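*Asks:* I'd like to go over a predicted model; first the sequence, then the structure.
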Amino acid sequence: MKKISFVAIVLLFFCAISVAQTQPKLKFNCDGTFKIVQFTDTHIKWGKKASDKALNCITEVVDAEDPDFVIFTGDQVYSKGVENSLKALTAPLIERGIPYAAIFGNHDHQFDMTRPEMYDLLQSQDCSVMPPRGDADSPDYALPVYSNDGRAVNRVLYCMDTHDKSAANKIGGGYDWLTFPQIEWYRKTSDGYARLNGGEPVGALLFIHIPLPEYKLAAEGAPDKLLGRWKEKNKQICCSALNSGMFTALKEQGDITAVFCGHDHDNDFLITYRDILLAYGRYTGGKTVYNHLGTNGARVIVLDEKSPKAVKTWIRLADGTTLDEYSFNPASKKK
């Protein structure tokens, strides 16, 4: 039985890679860099002028940064007209030939499209690198980023669904957590990439919407180590009410360098915790919901092909300003 289960996992893993190869292939540039732009919490209300700020921000940032890949990390929409909103959000990327992917937040499904319908729409468009969802409503997926010569997977981008509010009444509400099956999926996928890399973990990033509980532990434990703004009301970090152990899995697998989330509109800080970078994106939306940070923007992330754990990041505002440039490379730290 164990042998059949292992074979099935391997087949699914290689099937996923095969499917990904029919879409745009993510790979490092000739100069050894790979640039990602993270847009988060665009909160589009279709037909509302206030939403123009989010759409304009996307155009301004991608034109300024010329990214190799764009990730939307949830709460893309905040009203009916979801299909029009999603097409408007991705249009600047498709026009420019920029590969993109998206995960959902806790609000996206509340209007006139289901998660499967939204996923299928985004996945089917030109420039999408999202794999077909299969039987899942909103699948977790891993995107390989290849070396410049296209021969080997140099990085992996994990994109995972953090759901909505918890349905477990016994814990007293709060936001949901990454479940045990999701953590098991991550471990097995990480192991699969390691096998392709001679048994060594492949450097990776994790993109989610709702922050892990470790964001709260890190910020409250060392607020002087924050870079950026922590302005959520009452210094909140709206993470899950319970800790399911995802961060422990990241440490045990040894591949994740950094985690990027959204969700808390008035937080855009980053902080390191046990040699993993924990970072918020910058709120991208207009005044369709709350935002006290001021000018909207995005987080920029640059990877180095020759340094598998190195991450360079900064915030790019819609007005062209850049903030909080930070370089992180735990491999270079003295033991």
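*Replies:* Okay, I see it.
*Asks:* who touches residue 152 in this structure?
*Replies:* Residues near residue 152 by C-beta atoms under 8 Å, 6 or more residues apart in numbering: 146, 197. Placement of C-beta: from N, CA and C, glycine included.
*Asks:* swap that for residue 101, please
*Replies:* 69-72, 122, 128-130, 141, 143, 157, 159.
*Asks:* any chance of a markdown table for those, columns secondary structure, distance to residue 305 and pLDDT?
*Replies:* Shown next, in a markdown table, are these (DSSP: H, G, I helix; E, B strand; the rest coil; distance: C-beta to C-beta, whole Å; pLDDT from 0 to 100):
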| residue | secondary structure | distance to residue 305 | pLDDT |
| --- | --- | --- | --- |
| 69 | strand | 14 | 98 |
| 70 | strand | 19 | 98 |
| 71 | strand | 19 | 98 |
| 72 | strand | 25 | 98 |
| 122 | helix | 28 | 98 |
| 128 | strand | 24 | 98 |
| 129 | coil | 18 | 98 |
| 130 | coil | 24 | 98 |
| 141 | strand | 22 | 98 |
| 143 | strand | 16 | 98 |
| 157 | strand | 14 | 98 |
| 159 | strand | 21 | 98 |
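*Asks:* and these, which is closest to residue 100?
*Replies:* residue 70 (4.3 Å; C-beta to C-beta).
*Asks:* and the closest residue in space to that closest one that isn't next to it in sequence, how close does it get to residue 328?
*Replies:* Closest residue in space to residue 70, ignoring its immediate chain neighbours: residue 100 at 4.3 Å, by C-beta to C-beta, 6 or more residues apart in numbering. Residue 100 sits 24 Å away from residue 328, taking C-beta to C-beta, to the nearest Å as the criterion.
*Asks:* and if you look at residue 51?
*Replies:* 33 Å.
*Asks:* looking at those two, which has the bigger crowd around it?
*Replies:* Per other C-beta atoms under 10 Å, whichever of residue 51 and residue 328 has more neighbours is residue 51, with 25 against 19.
*Asks:* for that one, which non-adjacent residue is spatially closest?
*Replies:* Leaving aside its sequence neighbours, residue 51 sits nearest to residue 44 (C-beta to C-beta, 6+ apart; 4.7 Å).
*Asks:* for that neighbour, give its distance to residue 152.
*Replies:* The separation that residue 44 has from residue 152, given C-beta to C-beta, amounts to 38 Å.
*Asks:* do the same with residue 140
*Replies:* From residue 140 across to residue 152, the span is 23 Å (C-beta to C-beta).
*Asks:* export the helix or strand where residue 219 lies as PDB, just CAs?
*Replies:* Using DSSP states H and E, residue 219 sits within helix 213-221. Provided in PDB are the C-alpha atoms of helix 213-221 (Å, rounded to 0.1, in the frame of the first residue of the first chain):
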ATOM      1  CA  PRO A 213       1.100  33.200  13.800                       C
ATOM      2  CA  GLU A 214       4.900  33.600  13.700                       C
ATOM      3  CA  TYR A 215       4.400  37.100  12.300                       C
ATOM      4  CA  LYS A 216       2.700  38.000  15.600                       C
ATOM      5  CA  LEU A 217       5.400  36.200  17.700                       C
ATOM      6  CA  ALA A 218       8.200  37.900  15.900                       C
ATOM      7  CA  ALA A 219       6.700  41.500  15.900                       C
ATOM      8  CA  GLU A 220       5.700  41.400  19.500                       C
ATOM      9  CA  GLY A 221       8.900  39.800  20.600                       C
END
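*Asks:* okay then, goodbye and thanks.
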